[in-house]
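Peer 1: Could you work out the structure for the sequence below:
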Amino acid sequence: MRSLQNLHGSKPASMALNYVFVFFFLTAFIIGLAKLIFMGDTQVFNLMVTASFDSALQWAKEGKGNDKHGYRDEFIRLIYRAISLGF
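Peer 2: Residues are numbered from 1 along each chain as shown. Purely as a prediction, here's the structure:
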């Protein structure tokens, strides 16, 4: 049985991408918090969540989703449901 390290490459390289994503999300949160505090923009987090869902929906519609196991349709339905709830 192969270890996860052999299947997905070296551990430090895969962790670097996680650090990049965490950096992007923390930066967006800090900027959103600054806009809320200093500029009084109360819709900033609503816009950020909506943009994230729209981006994920576009990504799934273009066929870049994980369709290998048939999850693409469920993912699209989940995003539509989340958007319809007002996120």
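Peer 1: From now on I want contacts and neighbour counts done on CA atoms only, so please keep to that.
Peer 2: Noted.
Peer 1: after the biggest helix by length in the chain comes which helix or strand?
Peer 2: Secondary structure of the chain per DSSP state H: the longest helix is helix 11-39. Once helix 11-39 ends, the next helix or strand along the chain (criterion: DSSP states H and E) is helix 44-61.
Peer 1: Quick check: next helix or strand after that following helix?
Peer 2: Taking DSSP H and E, what comes next after helix 44-61 is helix 72-84.
Peer 1: Show me what that next one is packed against.
Peer 2: If you count contacts as 3 or more C-alpha pairs under 8 Å, 6 or more residues apart in numbering; DSSP states H and E, helix 72-84 packs onto helix 44-61.
Peer 1: With only the CA atoms kept, save the helix it packs on in CSV.
Peer 2: Backbone C-alpha positions of helix 44-61 (Å, rounded to 0.1, in the frame of the first residue of the first chain) are rendered in CSV as follows:
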residue,chain,number,x,y,z
VAL,A,44,-18.7,43.8,2.0
PHE,A,45,-18.9,40.3,3.4
ASN,A,46,-22.1,39.6,1.5
LEU,A,47,-20.4,40.6,-1.7
MET,A,48,-17.4,38.4,-1.0
VAL,A,49,-19.5,35.3,-0.3
THR,A,50,-21.6,35.9,-3.4
ALA,A,51,-18.5,36.4,-5.6
SER,A,52,-17.0,33.2,-4.2
PHE,A,53,-20.1,31.2,-5.0
ASP,A,54,-20.4,32.7,-8.5
SER,A,55,-16.8,31.8,-9.1
ALA,A,56,-17.3,28.3,-8.0
LEU,A,57,-20.4,27.9,-10.1
GLN,A,58,-18.6,29.2,-13.2
TRP,A,59,-15.8,26.8,-12.5
ALA,A,60,-18.2,23.9,-12.2
LYS,A,61,-20.1,24.9,-15.3
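Peer 1: between it and helix 11-39, how big is the angle?
Peer 2: 140 degrees (axes from the mean of the first three to the mean of the last three C-alpha atoms, to 10 degrees).
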